[in-house]
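>>> Sequence first, predicted model second:
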Amino acid sequence: MRLQIQLSNVFKRVKNSLFLIFLFVGVSSHLNAQTTFKINGLADVEISKGGSSSHYYYNEIDQNHTDLRIGIAQLNLVGQINFGKQWIFNTRLLLERDKGQKFENFVIPQLNIQWLSKDRKVGLTIGSFTNPFGSFNKKQLSIDRNFIGLPLAYSFHNNISDKIGFLEGMGDIEKINIDGSIQWGTSNIYYGGYTTGAMFSWNIKPSKVNWKVALVSGASNLQKRFTSPLNFGVISRLKIQPTYFWEQGISISHGTFFQESEVSPQLTDLKDFTQTIIGLDYKLGFGFFEFSGEVMGVFYKVPEFNGEDYLFVTGSDTRNLNNIAAYLDIKYEPPVLQGSYIVYRIDHLDFGKLDDDNDPTWDNKVLRHSIAIGYHINQHILARISVSTQQVDNKNWDKTQRTLRVVLTAHY
Amino acid sequence: MKKLLLLSCVFSILTLVSHPHDNEQNEIMGEISISNCPKVVVKGDGYNEDGTEIMHSNDRMAKPEMNVIISLHPLNFKPQLSLTQDAYMTQTEQTFIPNVLPVTVGSKVHFLNEDEFFHNVQSYTPKSRFSIGRRAPGISYSVNIKKVGVINLLCDIHSHMNARILSFDTPYFSRINADGSYSLKNLPDGKYRIEIFHPHCDKITDQVELLGGKVFNFNYDLSIKP
């Protein structure tokens, strides 16, 4: 009965959203004779199995679905309306598993309008758009991804929460219930990959130098589009192409992310707590090989929380905590089997010391190895199989978060 | 013996009547108008990328109206095929140029990257699947076209790039001029299926008979099927 109600709510939201979009499409088609509509659809059917200590916040496998599981993982409808050559409306409707659980989470991650100059060198985007930080966020659709899972920087939740700040052992050991939900921390970058605000894009030298800067509603780890209090962030990326086989990106992100909660009145100003990320992304290609990845340094200014008495630790106003996240993908496309590839990823998350060199790190180091094989059965169907294993320092669930995922992606 | 000679003569006469006469060369010409294309709703390019990162060439050979191909397929005789020479397709400003390349089956198509960054050329078309891998600027790579029909091309580095090779088992084809006019000469007598291919419109097919070494005029509208 509950499932029926949830599904009917999802369908109602989908119906309302589609109605609004089709209304917009209908009105716009009468406004401009040069209007064109572009549509894509994508569906993922997934078979997955996780190690005994799997958790969505650590390896993207829900703890209640570690056994063999089959089902639809996501449905996408991507739309674009071109009003002539200078105005573009972009949207993406997504129905996915809610944090790896039930297939009922309907969101509109992309909803923006972009103005382009006549020579397409300058653009201004307003609305909800892809976070310009780094190179992975651009790979929003699963057909653009080598792997099924996300890199650690985008998925592994660390000991910093947007409601209680830093707490050692958050989630798996310390079960802190704030406003009715257990705090599990956040990943360095929101896995959804979208942010909201305004973005200026400048193709300084076409194909050689491209720069974007966005004023957005919070830091890159922020999961909500609209928050209380209103947060603020700046994200920028400079993409350069030193030579034909090398694409290099330099990104920076800074913003606030703290949320009001039952414990936040203890703090004087939530905007004192920030996240700053400096990142490098790279892509090198040779024939049928490709090397790509990202390196980022992440710096937090957060309060520390005492889980026993539900009070923020006084005395040291904020803690300056940092981590380094890096991954490298090595991909090979065998020419003898066109449409196939094999890719290996090494992914690392390393945390700084709490105070000085003698202190422990503020979270546990993670090292993950992944291998994936993909094959385009035809232009519209991609099959992938991926396995991963991860080593987490000083945790009793070390090496029990292996994953096996098989995904069939149908796309038009 | 006389009977055999007579039979041979009758057979020769019948052969001449039922097969095209090599000396009778016809010509067709006309105009192709495009009154109701392209489509308003089309397949997108996948992920909606920031528009400043997508390049479009202004080269005339990238425009749809310059990529309309007319082909004549003999129905009652088998034409002699010669391989298409210098069948080049370039990748310039993230655009395949030309967007449609007609060749005879068995010809080599040369892909040339004229941008300052990597491109790839992929085809998932059944019986003509290939990938040339990442190719550096200025280096051409050839692919032998073994299948008859439309071969769809993609660049998997730039998802908005697409093009087609039209591989024919007939030597009688031509690109339509910018003003919509076309002309095809040296067509032997016979019955033909005419096909007109436009990258964004439905294909038009028609059937005609050319006889007597004349000039024929056929006009088509890509929005209306004959």
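Sure thing, it's come through.
>>> Let me see the domain layout of chain A.
A:1-30, A:43-411 (automatic domain parsing).
>>> Least reliable of the ones you listed by average pLDDT, please.
Least confidently modelled of these is domain A:1-30, at a mean of 55 by mean pLDDT.
>>> Need the domains of chain A in JSON lines (columns: distance to B:Asp50 and mean neighbour count).
Every C-beta, even on glycine, is put in place using the N, C-alpha and C of the backbone. Formatted as JSON lines, the domains of chain A follow (distance: least, C-beta to C-beta, whole Å; neighbours: other C-beta atoms under 10 Å in any protein chain shown):
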{"stretch": "domain A:1-30", "distance to B:Asp50": "21", "mean neighbour count": "12"}
{"stretch": "domain A:43-411", "distance to B:Asp50": "5", "mean neighbour count": "19"}
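>>> Of all the ones you listed, which one comes closest to chain B?
domain A:43-411 (3.9 Å; C-beta to the nearest C-beta).
>>> Just the endpoints, please. Distance across the closest one?
End-to-end distance of domain A:43-411 (C-alpha to C-alpha, to the nearest Å): 6 Å.
>>> Leaving out the residues flanking it, which one is nearest to the residue in chain B positioned nearest to chain A?
When scored by C-beta to the nearest C-beta, chain B has B:Gly44 as its residue closest to chain A, at 3.4 Å. Excluding its sequence neighbours, the residue lying closest to B:Gly44 (C-beta to C-beta, 6 or more residues apart in numbering or on different chains) is A:Lys38, at 3.4 Å.
>>> Let me see the contact set for the one you found.
A:79-82, B:41-45 (C-beta atoms under 8 Å, 6 or more residues apart in numbering or on different chains).
>>> Tell me the gap between the helix or strand it falls within and the middle of its chain.
Taking DSSP states H and E as the criterion, A:Lys38 maps to strand A:35-50. Mean-position distance between strand A:35-50 and its chain equals 17 Å (C-alpha atoms, centre = their mean, to the nearest Å).
>>> That strand - which strands sit beside it in the sheet, and in what orientation?
When pairing is defined by DSSP bridges, strand A:35-50 lines up against strand A:69-83 (antiparallel), strand A:403-411 (antiparallel), strand B:41-43 (parallel).
>>> Throw those strands into TSV and include distance to B:Glu93, thanks.
Converted to TSV, the strands paired with strand A:35-50 look like this (distance: least, C-beta to C-beta, whole Å):
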stretch	distance to B:Glu93
strand A:69-83	18
strand A:403-411	26
strand B:41-43	21
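>>> Of all those strands, which one comes closest to B:Met161?
strand B:41-43 (13.5 Å; C-beta to C-beta).
>>> Distance from the chain centre to the closest one, please.
With C-alpha atoms, centre = their mean, you get 23 Å for strand B:41-43.
>>> Ok, stretch B:79-98 next?
With C-alpha atoms, centre = their mean, you get 10 Å for stretch B:79-98.
>>> residue ranges for the helices of the chain, please.
Picked chain A for this. Ranges of helices in chain A, per DSSP state H, are A:2-31, A:56-59, A:152-155.
>>> Correction: the question concerned chain B.
So, for chain B - with DSSP H - the helices run B:2-18.
>>> can you tell me which residue is nearest the centre of it?
For chain B, the residue nearest the mean C-alpha position is B:Pro102 (3.3 Å; C-alpha atoms, centre = their mean).
>>> Okay, and the beta partners of that residue?
B:Leu166.
>>> Who are the contact partners of the nearest residue to B:Val68 once chain neighbours are set aside?
Once flanking residues are discounted, B:Val68 sits nearest to B:Ile176: 4.0 Å by C-beta to C-beta, 6+ apart. When contacts are counted by C-beta under 8 Å, 6+ apart, B:Ile176 touches B:32, B:65, B:68-70, B:182, B:196.
>>> what's the closest of the strands paired with strand A:35-50 to A:Ser161?
Of the strands paired with strand A:35-50, the one closest to A:Ser161 (C-beta to C-beta) turns out to be strand A:403-411, at 24.4 Å.
>>> how far away is the residue nearest to A:Ser52 when sequence neighbours are not counted from A:Phe147?
Setting aside the residues directly before and after it, A:Ser52 is nearest to A:Thr400 in space (C-beta to C-beta, 6+ apart), at 4.9 Å. Distance of A:Thr400 to A:Phe147, computed by C-beta to C-beta, to the nearest Å: 20 Å.
>>> same check, this time on A:His55
18 Å.
>>> that older thread, any idea which of the contacts of B:Ile176 the model trusts least?
Among these, B:Glu65 has the weakest pLDDT, 88.
>>> looking at it, it is touching B:Asp179, isn't it?
No - the pair B:Glu65 / B:Asp179 is not scored as a contact, 9.5 Å apart, by C-beta atoms under 8 Å.
>>> Which of the two has more residues huddled nearby?
B:Glu65 (18 against 9; other C-beta atoms under 10 Å in any protein chain shown).
>>> Let me see the contact set for that one.
With C-beta under 8 Å, 6+ apart, B:Glu65 has these contacts: B:34, B:176, B:178, B:180.
>>> Pull out the buried members of the residues you listed.
B:34, B:176, B:180 (16 or more other C-beta atoms under 10 Å in any protein chain shown).
>>> Tabulate the residues you listed (TSV), appending distance to A:Leu75 and pLDDT.
Below are the buried ones among the contacts of B:Glu65 laid out as TSV (distance: C-beta to C-beta, whole Å; pLDDT from 0 to 100):
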residue	distance to A:Leu75	pLDDT
B:Ile34	36	83
B:Ile176	41	95
B:Gly180	43	93
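>>> which residue sits closest to A:Ser228, ignoring its sequence neighbours?
A:Ser228's closest residue in space is A:Glu260 (C-beta to C-beta, 6+ apart), at 5.0 Å.
>>> Would you tell me which residues of chain B are close to chain A?
For chain B, the contact set with chain A under C-beta under 8 Å from any C-beta of the partner chain comprises B:38, B:40-56, B:93-94, B:115-118, B:122-126, B:129-131, B:133-134, B:136-137, B:152, B:154, B:159.
>>> Run through the residues that contact residue 165.
Using chain A here. So A:Gly165 contacts A:258, A:273, A:302-305, A:312, A:319 (C-beta under 8 Å, 6+ apart).
>>> Not quite, go with chain B.
B:Ile165 neighbours (C-beta under 8 Å, 6+ apart): B:89, B:100-103, B:109, B:145, B:150-151, B:153.
>>> Buried only: go through those residues for me.
Using 16+ other C-beta under 10 Å, the buried ones in the contacts of B:Ile165 are B:89, B:100-103, B:109, B:145, B:151, B:153.
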